[in-house]
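A.B. asks: Got a sequence here, can you model it:
(2 chains)
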Amino acid sequence: MAIQINKALIGKEYPPYAVTVERGKIKEFARAIGDGNPLYLDDRVGAASEWGDLIAPPTFAVTFRDETADTAAFLRELGTDISRILHGEQEFELFRPLQPGQTYLCRARVVDIYEKAGRSGPMAFVVRETAITDRTNEIVATMRHITIVRL
Amino acid sequence: MKYAKVYFDDVKVGDELPPLVKGPIQQIQLTRYAGASGDFNPIHQDDEFARAAGMGGIFAHGMLSMGFVGQAVTDWAGAGTVRKLGVRFAALVRLKDVVTCGGRVLAKSSKDAGNLVDLEVWAENQKAEKVVTGRATVALPGRS
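C.D. replies: Predicted coordinates:
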């Protein structure tokens, strides 16, 4: 039976959360992808680079999440559960690389929710955007995430 | 040579990135990516769960394939050069799939933001089906 998606979430802004990037987390992420780039893995190469330290791979910001928030709660609020969701699209805009030891502030909001007929039936597209700023409130990156809900 | 420096002046529209071949995808890599990314959706770990969800079994995190595409871009352009990377997940990547990533230069421009190169990027499986399609923008150094 088809489910109803809660479109009242459009425009909802979530409480900002801070993330401090750990050096080991960057390395673990690069290794999980199988990317051996020394700028992600070798502290000495990072220190000698133009950035003065390791940098994170371009998709690293996907690891940023509000540790105090309950992901299941977001899906419940949306009217669905984890077994129905797929990742539709993802985009990162990076003004400079993310780096270890830095604390970033993330502000996420639901930009849009729309429905479309897919190959395997009706689907809802939930578009979320997260702005990532540094301690001086300068924008470092943005990410846009489209979740597909199989209705 | 891996990680050779690419200069803006030497890049031409239509140039192709060296293909990056990843896989065959193994369960252990999905488990490792779950830990590294914090995405513990059981649909990537638990075959019974994935079948019950109507997905016909386990499949890889889309973000893992996007990570592969990111690597194809930075292996060529250099780490830290990516200004934009946006993709659509076009098909599921299954266990044992071999994923080959590629890219092609679409446009070049010099602005205040630097020397920017726009790329078409993709990843395909061993049946030459596109699993990821997208765009990237990298900022490259000039020779002068």
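
A.B. asks: give me the low-pLDDT residue ranges for the chain?
C.D. replies: No chain was given, so I picked chain A. Flagging of chain A using pLDDT under 70 yields the residue ranges A:1.

A.B. asks: looking at chain B here, not the other one
C.D. replies: Residue ranges of chain B with pLDDT under 70: B:1.

A.B. asks: Would you indicate which residues of the longest strand along it are buried?
C.D. replies: Counting by DSSP state E, the longest strand found in chain B is strand B:99-111. Under the neighbour-count criterion of 16 or more other C-beta atoms under 10 Å in any protein chain shown, strand B:99-111 has B:99-103, B:105, B:108 buried. C-betas here are computed from N, CA, C, even on glycine.

A.B. asks: near chain A at all, the following helix or strand past it?
C.D. replies: Using DSSP states H and E, the next helix or strand after strand B:99-111 towards the C-terminus is strand B:114-124. No. Using C-beta under 8 Å from any C-beta of the partner chain, we find that strand B:114-124 stays clear of chain A, coming within 11.2 Å at best.

A.B. asks: Need the contact partners of strand B:114-124.
C.D. replies: B:8, B:11, B:17, B:65, B:68-69, B:72-73, B:77, B:83, B:85, B:87, B:99-110, B:130-142 (C-beta atoms under 8 Å, 6 or more residues apart in numbering or on different chains).

A.B. asks: near chain A, which of the residues you listed show up?
C.D. replies: Okay, of these touching chain A (C-beta under 8 Å from any C-beta), that's B:68, B:73, B:83, B:85, B:87.

A.B. asks: Could you export these as a markdown table, including neighbour count?
C.D. replies: Formatted as a markdown table, these follow (neighbours: other C-beta atoms under 10 Å in any protein chain shown):
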| residue | neighbour count |
| --- | --- |
| B:Phe68 | 27 |
| B:Val73 | 24 |
| B:Arg83 | 19 |
| B:Leu85 | 25 |
| B:Val87 | 27 |
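
A.B. asks: Of those residues, which is the nearest to A:Val149?
C.D. replies: Closest approach to A:Val149 among those (C-beta to C-beta): B:Val87, at 19.2 Å.

A.B. asks: where's the nearest residue to the closest one once chain neighbours are set aside, which helix or strand?
C.D. replies: Excluding its sequence neighbours, the residue lying closest to B:Val87 (C-beta to C-beta, 6 or more residues apart in numbering or on different chains) is B:Gly134, at 3.2 Å. B:Gly134 belongs to strand B:130-140 when assigned by DSSP H and E.

A.B. asks: With A:Tyr40 instead?
C.D. replies: helix A:38-41.

A.B. asks: And the strand holding B:Gly134, what does it pack against?
C.D. replies: Packing partners of strand B:130-140 (3 or more C-beta pairs under 8 Å, 6 or more residues apart in numbering or on different chains; DSSP states H and E): helix B:62-77, strand B:82-89, strand B:99-111, strand B:114-124.
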